[in-house]
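S.K.: Here is the input, now give the coordinates:
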Amino acid sequence: MLNLALAFAVALGVFALAAAWLGPIPALFPALFFAVLTLFLLGRRTGQKISRELEPLMALLQARRIDDARSLLLNVRERWARWQVMLAGQIDAQRGMLEYL
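M.R.: Numbers count the residues shown, from 1 in each chain. Model prediction:
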């Protein structure tokens, strides 16, 4: 969610600058472009950090240390769920699959 809020803030800033220079209607295009670009770059950065933290997960599952894997997923969810949109649901789905297996 914070990535989305930051992208929205960038879009508002670009819109304000572009609207002062070009007018309100033409300012929508650069604002939309920079919002999408910011959301993409922040999502990519966050995804790389999350995948680095989840690297030991497969080794834990192969060693059948399910409780440690579950706690790793919970720690990653607690740390990054507020940054990335829909991450909490994805991690909850992975925890549910662990419970099912």
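S.K.: Run a quick neighbour tally on the nearest residue to Ala81 once chain neighbours are set aside.
M.R.: In space, and not counting its chain neighbours, Ala81 is closest to Ala88: 4.0 Å by Cβ to Cβ, 6 or more residues apart in numbering. In short, each C-beta sits where N, CA and C put it, glycine included. Around Ala88 there are 15 other residues, counting by other Cβ atoms under 10 Å.
S.K.: Next, work out how far apart Ala88 and Ala11 are.
M.R.: 24 Å (Cβ to Cβ, to the nearest Å).
S.K.: Could I get the contacting residues of the residue nearest the centre of the chain?
M.R.: Among the residues of the chain, the one closest to the centroid is Gln84, at 2.3 Å (Cα atoms, centre = their mean). Gln84 sits next to Met1, Asn3, Gly43, Thr46, Gly47, Ile50 when contact means Cβ atoms under 8 Å, 6 or more residues apart in numbering.
S.K.: Who are the packing partners of the helix ranked longest in the chain?
M.R.: Of all segments of type helix in the chain, defined using DSSP state H, the longest is helix 28-53. On a contact count with 3 or more Cβ pairs under 8 Å, 6 or more residues apart in numbering; DSSP states H and E, helix 28-53 meets helix 2-21, helix 66-80.
S.K.: again, 6 Å this time
M.R.: Judged by 3 or more Cβ pairs under 6 Å, 6 or more residues apart in numbering; DSSP states H and E, the packing partners of helix 28-53 are helix 2-21.
S.K.: List the buried residues in the helix it packs on.
M.R.: For helix 2-21, burial by neighbour count (16 or more other Cβ atoms under 10 Å) applies to Asn3, Leu4, Ala7, Val10, Ala11, Val14, Phe15, Ala18, Ala19.
S.K.: Would you mind giving me the confidence score for Leu12?
M.R.: Leu12 is assigned a predicted lDDT (pLDDT) of 96.
S.K.: any idea how far Phe40 is from the closest residue to it other than its chain neighbours?
M.R.: When the adjacent residues along the chain are set aside, Leu12 lies closest to Ala31, with 7.4 Å between them (Cβ to Cβ, 6+ apart). If you measure Ala31 against Phe40 using Cβ to Cβ, the figure is 15 Å.
S.K.: which secondary structure elements does the helix or strand hosting Leu61 contact?
M.R.: Taking DSSP states H and E as the criterion, Leu61 maps to helix 56-62. Secondary-structure packing of helix 56-62 (3+ Cβ pairs under 6 Å, 6+ apart): helix 66-80.
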